[in-house]
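Enquirer: Here is the input, now give the coordinates:
(chains A, B and C)
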Amino acid sequence: MSHQPCAIVGVGQTHHKKARRDVSYAGLAREAALRALDDAHMTWSDIDAVVVGKAPDLFEGVMKPELYLTDALGATGKPMFRVHTAGSVGGTTGIVASHHVETGRHQRVLAVALEKQSEGNAQFALGSGRGASIGAGGAFAPYMRLYMHRTGAPDDIGPMVAVKDRLNALKNPYAHLKLADISLEKVKASPMMWDPVRFLESCPSSDGACAVVFTDEAGGNAAAADGRPPAWILGSAVRSEPSSFPGRDPVRPQGAVDCAADVYAQAGITNPLEQIDCAELYVPFSWYEPMWLEAHDIAGPTEGWKMVERGDTALDGSFPVNMSGGVLSSNPIGASGLLRFSEAALQVRGMAGEHQVDGAKVALGQAYGASAQYFSMWVVASSLDPFGA
Amino acid sequence: MPSADDIALVGWSISPMVRNTDKTEAQLLLEVISGAVDDAGITRREVDFTCAGSCDYVAGQAFSFVQNIDAVGAWPPKRDSHVEMDGAWALYEAWLRLQLGDIDVAVAMGSGRSSTADPALIYPMEMDPYYLAPLGTDAASFAALQARALIDAGKVTERQMAEVAARCRRDAQGNPHAQITGDFDVDALLSEDYVRSPLRKHDLPPITDGAVAVVIARADKAREMCEHPVFITGFAHNSELHYPGMRDLTVSPSTTLAAKAAGLEEAPVEVAELQSAFSHEEPLLVEALGLGADVSVNPSGGPLSANPIMATGLVRIAEAAAAIRDGGKQRALAHSTSGPCLQQNLVCILEGQSSEGPATKGTAK
Amino acid sequence: MTDVVQTTIQFPYKRSLGPVVGAFMTALTDRRIIGIRSGDRVIAPPLEWDPETAEELAHDFVDVGPAGTVESWSWVASPTSQHPLDVPFAFALVKLDGADTAFLHAVDAGSIDAMSTGMRVAPRWRATRIGHVTDIEAFVPGEAPVVPDDDGGAVDEPVTMMDYNASITYTLPITPNAKRAEQANKEGRFIGLECPVCGRTYTGGRGYCPVDSVALGPEHEVELPQQGTVTNYTIITPVQYPGQTETEPFARVHVWLDGTDVVLGYQPLLDTPNADVRIGMRVSAVWASDAELQDLASNAEGRLLGWMPTGEPDDTDPDLVNRIQ
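Expert: Below you'll find the model as predicted:
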């Protein structure tokens, strides 16, 4: 019994939009799944098991939708599994699917994560139907105020992240927000929604889905031999902690620190800034980019915002972050984590198109959820031995 | 190909099963996790991974599982996951996780307060959102359609269904975790009105609040931890298409496929704990699993005696493990299900330790 | 008897139907029921995919029924609020003529005695049809569809959307700890529960320490001060959604109770213009009266209505902002 290599040979996603009124709930999931199968040169019958991830069922008013999605996703006569770990769920979905392969239980596994937010209303769902819902923006606003205070970051850092991610999104054909005229001035002039967070520093509400095909070492090697580069999973990790107790630090949550340390150790990474070529981090509100750079020990304490200010995290910077445009440009909540993870895979496969980071060999995908208390991360690479150990 | 015999149950705890609890789900879980780690002779600190099964629409709150993390002792932070499925699937994820070999001990749990709202209003939400949910198609109505199909096919009679219900509640008298127990006269049961014809009240499970937690460990660790680990020698689940009108309701092929993948046929089982929440599901599942007349089915009383939704399946696994560790049995089967008309089914094969380890080496693929 | 609080989850969902369900719903308005071909089979109601193989199906629709044969049925003696009929009826799987699968719908047969497997049924159409599965009011025994005299005819435009309104009322127990906390509030007292292991204090009748996983009860109660300092805040612009109770931007503050480790997050601040909200403000607790309690139930825990400025000078400690949990 041991941990066997796992390769990503197919990635698919929908065009993310405020409302995908052209498709049914299952149609949205299938659009992503069919693209992933095409990318993997597979059909439904090649898949051994399906893992579905989604945020609260209240978003669409469909309870345990994996039941309805079973035959839509080709799982008739196969195992169908459903994960829900709040905002981190898309990442955890990918990790659980990879475990199906890494344990040797299955050879080819399909992970699908989705959200069709236009069917309901996220603020409603987050408040479980009650009035005066503070929403995710209201919940995280004090954390961001604390980050700004603790690090002495200039006020412009958040808007800079907001501009950078929207410029990246212009290069991503699947991104929801396409704000061609985005500028620092525009972001700063946008309404203050959840003080200190402005409207244009916040994620949109999107309909969208993401799918990934996982296979074993033989499958990964076969794809490579066929000229279709796989992404290899060097490590994956999850951590959770309680939402609140006296003394918890929600700006540098211990779970975020531990999760990163775990995944770096598995991947053989001792200097993440040097060894990782680019990262997709779950940044639903602008200030989360510097916060996660620090909490995941990519930057030192109070150094995260300086990376942003220097332009290090831009697409042409030394450590590009959210090349896809990130959660700030597309946020189908349940899928957002898997989108981060799959963008990391696309980068090391050299298949990220206009938002490709030249020569990316090692990439990090991350997602978080609830009160910044659920974390999932993975490191993928273009080979199983990218550091030439 | 790894063998499946490397993970074992080393402790478990089942909460009291009641009609209305005054506790939160987190409080229910706090108690059963404490009970389970005590049973395993460890503390929460020694648990490397936790996985929970629960449902927002049962809890009546979005992200309801987030409060439940308070119960697991996730400080320092823990490797942890959650499935919007029965705790039996949470155990499946934990079982997979331990097979990666880097950690040794996991806790799986399931919790549900079914009393919070009318199941007939909650369960339509899990049906096809266009064709079924708008009709208010509740789980009991679907169960009744399946029962009728079985009756029409000559596979079961209303009397046999009443006999199943009476037997379960009689057997439950010896189970401290049962909610509905007693000696019921089959003729008297059959004289009662239908709730959803052909189902009468006795054919339906009670509404139950409860929780369960199970500790599993890798073989070496398990043997270190206790004298009688109960090994998971096969574990698999499978699903059918969703819309019941597109299925043959007189069979349960996904149960058969899951049993085959779990290696059920490799040796006889003595006990089967089935998540047959409706009486007619028991003979259907017994047939799908190919169980002989000598197999003791739901000696705990089964879901007809206590049905804590989202925990019911994992309770079956704990009860089957107890039949081995505490009841002296050698090989047992536990089953869980989800969805209308047994759409999705899970089979877990448990074995006691003989001198050379488990009796058989089942694999799940 | 356990004390309970009731809460209702209700939302008017808007579902987009996609090309296949949309075609089915549009056909219903024209009093037609359609299936979709998959190889030699006709699947009705139609799916976008073959349910056995998941293969995408061409939009090769075929009219089925309108009459069909009952394959299985269940009598519903007491309909729920979500059921399509408010009189006793049957749910039935109906294999519509020309289809290879069965369609689930209600059969209005009047009496259980009129139901049998194998019986023939036909749709009773609603006069005004909008493209919804309940455009068929129910099936009725016999071969002939029932069309109302005032039939409204088909819709002009294809149906692409569907409303779904589910309302579920939950009855949740109030735990003994929460009840005692509320009783104390009623007496103008504020109580917390102190963990015997780590000494951290929790409010709102939480019932356990999440760090040490120990249950907390009456023996762990401590009196808490009702004054504190604002350590952090946000001003929330309310997003409008069904059930939203706010229309104007409102403040939520973190309050650190004097001399304790307790920080209460996201608290309402009363009688304070948003522009005046600031870190360091001194505030004291305001408890709801019995009359106010009913309105409060959906917004906050227990009887804590919110916090009112005391008028004392601000606390100027620059590190206050760190105290948010």
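
Enquirer: which ones are touching the most centrally placed residue in chain B?
Expert: Closest residue to the average C-alpha location of chain B: residue B:313 at 1.0 Å, with C-alpha atoms, centre = their mean. Contact partners of residue B:313, counting by C-beta atoms under 8 Å, 6 or more residues apart in numbering or on different chains, are B:86, B:87, B:88, B:89, B:110, B:275, B:334, B:335, B:336, B:337, B:338, B:346. In short, each C-beta sits where N, CA and C put it, glycine included.

Enquirer: Next, give phi and psi for it.
Expert: With angles defined as degrees, to the nearest 10, residue B:313 sits at phi -70, psi -40.

Enquirer: picking that back up, so which of the contacts of residue B:313 belong to helices?
Expert: B:87, B:88, B:89 (DSSP state H).

Enquirer: Now distance to residue A:254, neighbour count and pLDDT too, for the residues you listed, in a markdown table please.
Expert: Shown next, in a markdown table, are those (distance: C-beta to C-beta, whole Å; neighbours: other C-beta atoms under 10 Å in any protein chain shown; pLDDT from 0 to 100):
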| residue | distance to residue A:254 | neighbour count | pLDDT |
| --- | --- | --- | --- |
| B:87 | 27 | 33 | 98 |
| B:88 | 31 | 33 | 98 |
| B:89 | 28 | 28 | 98 |
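
Enquirer: And those, which is closest to chain A?
Expert: Nearest to chain A among those: residue B:89, at 6.6 Å, using C-beta to the nearest C-beta.

Enquirer: quick one: that closest one and residue B:55 touch, right?
Expert: No: in this structure residue B:89 lies outside contact range of residue B:55 using C-beta atoms under 8 Å: 11.6 Å.

Enquirer: list the contacts for the residue of the stretch 251-365 of chain B found nearest chain A?
Expert: Residue nearest to chain A within the stretch 251-365 of chain B: residue B:339 (4.3 Å; C-beta to the nearest C-beta). Counting by C-beta under 8 Å, 6+ apart, residue B:339 touches A:64, A:67, A:70, B:126, B:239, B:242.

Enquirer: 7 Å instead, please
Expert: A:67, B:126 (C-beta atoms under 7 Å, 6 or more residues apart in numbering or on different chains).

Enquirer: I'd like to know the predicted local confidence at it, please.
Expert: Note on residue B:339: pLDDT of 97.

Enquirer: and the strand or helix carrying residue C:91, what other elements does it pack with?
Expert: In this assignment (DSSP states H and E), residue C:91 forms part of strand C:89-96. Packing contacts for strand C:89-96, counted by 3 or more C-beta pairs under 7 Å, 6 or more residues apart in numbering or on different chains; DSSP states H and E, involve helix B:139-152, strand C:68-76, strand C:102-107, strand C:136-141.

Enquirer: so which of the ones you listed comes closest to chain A?
Expert: helix B:139-152 (11.1 Å).

Enquirer: contacting residues around that closest one?
Expert: So helix B:139-152 is contacted by B:119-120, B:123, B:156-158, B:195-199, B:204, B:244, B:249-250, B:278, B:280, B:284, B:340-341, C:72-74, C:76, C:91, C:93, C:117 (C-beta under 7 Å, 6+ apart).

Enquirer: Identify the residues contacting the residue in the stretch 251-389 of chain A positioned nearest to chain C.
Expert: Per C-beta to the nearest C-beta, residue A:251 is where the stretch 251-389 of chain A lies closest to chain C, at 8.5 Å. Shown in contact with residue A:251 (C-beta under 7 Å, 6+ apart): A:143, A:146, A:147, A:150, A:291.

Enquirer: Contacts only, for the closest residue to residue A:119 other than its chain neighbours.
Expert: Nearest residue to residue A:119, sequence neighbours excluded (C-beta to C-beta, 6 or more residues apart in numbering or on different chains): residue A:60, at 4.5 Å. By C-beta under 7 Å, 6+ apart, residue A:60 lies in contact with A:25, A:116, A:119, A:120, C:13.

Enquirer: mind redoing it with 10 Å?
Expert: A:25, A:54, A:114-120, A:125, A:207, A:334, B:125, B:129, C:11, C:13, C:15, C:164 (C-beta atoms under 10 Å, 6 or more residues apart in numbering or on different chains).

Enquirer: If I look at residue C:244, what pLDDT would I see?
Expert: pLDDT, residue C:244: 79.

Enquirer: And residue A:300, by the same measure?
Expert: In this model, residue A:300 carries a pLDDT of 97.

Enquirer: That one and residue A:306 touch, don't they?
Expert: Yes: if you go by C-beta atoms under 10 Å, residue A:300 and residue A:306 touch, sitting 9.4 Å apart.

Enquirer: Could you give the number of residues near residue 289?
Expert: No chain specified, so I'll use chain A. Residues near residue A:289, counting by other C-beta atoms under 10 Å in any protein chain shown, number 29.

Enquirer: meant chain B actually
Expert: 25.

Enquirer: Enumerate every residue touching it.
Expert: Neighbours of residue B:289 in contact, by C-beta under 10 Å, 6+ apart: B:252, B:255-256, B:258-260, B:264-265, B:269, B:272, B:274, B:295, B:297, B:333, B:335, B:345, B:347.

Enquirer: And the residues you listed, which of them are buried?
Expert: Using 16 or more other C-beta atoms under 10 Å in any protein chain shown as the burial test, the contacts of residue B:289 include B:252, B:255-256, B:258-260, B:264, B:269, B:272, B:274, B:295, B:297, B:333, B:335, B:345, B:347 as buried.

Enquirer: Can you show me the strands along chain A?
Expert: With DSSP state E as the criterion, chain A has strands at A:6-13, A:49-53, A:80-83, A:108-116, A:192-194, A:197-198, A:207-216, A:231-240, A:278-280, A:362-369, A:374-381.

Enquirer: Please produce JSON lines containing the ones you listed, extended by distance to chain B, mean neighbour count and mean pLDDT.
Expert: Formatted as JSON lines, those follow (distance: least, C-beta to the nearest C-beta, whole Å; neighbours: other C-beta atoms under 10 Å in any protein chain shown; pLDDT from 0 to 100):
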{"stretch": "strand A:6-13", "distance to chain B": "11", "mean neighbour count": "27", "mean pLDDT": "98"}
{"stretch": "strand A:49-53", "distance to chain B": "9", "mean neighbour count": "28", "mean pLDDT": "98"}
{"stretch": "strand A:80-83", "distance to chain B": "4", "mean neighbour count": "28", "mean pLDDT": "98"}
{"stretch": "strand A:108-116", "distance to chain B": "10", "mean neighbour count": "30", "mean pLDDT": "98"}
{"stretch": "strand A:192-194", "distance to chain B": "18", "mean neighbour count": "22", "mean pLDDT": "93"}
{"stretch": "strand A:197-198", "distance to chain B": "21", "mean neighbour count": "22", "mean pLDDT": "96"}
{"stretch": "strand A:207-216", "distance to chain B": "11", "mean neighbour count": "30", "mean pLDDT": "98"}
{"stretch": "strand A:231-240", "distance to chain B": "4", "mean neighbour count": "26", "mean pLDDT": "98"}
{"stretch": "strand A:278-280", "distance to chain B": "21", "mean neighbour count": "28", "mean pLDDT": "98"}
{"stretch": "strand A:362-369", "distance to chain B": "8", "mean neighbour count": "30", "mean pLDDT": "98"}
{"stretch": "strand A:374-381", "distance to chain B": "8", "mean neighbour count": "31", "mean pLDDT": "98"}
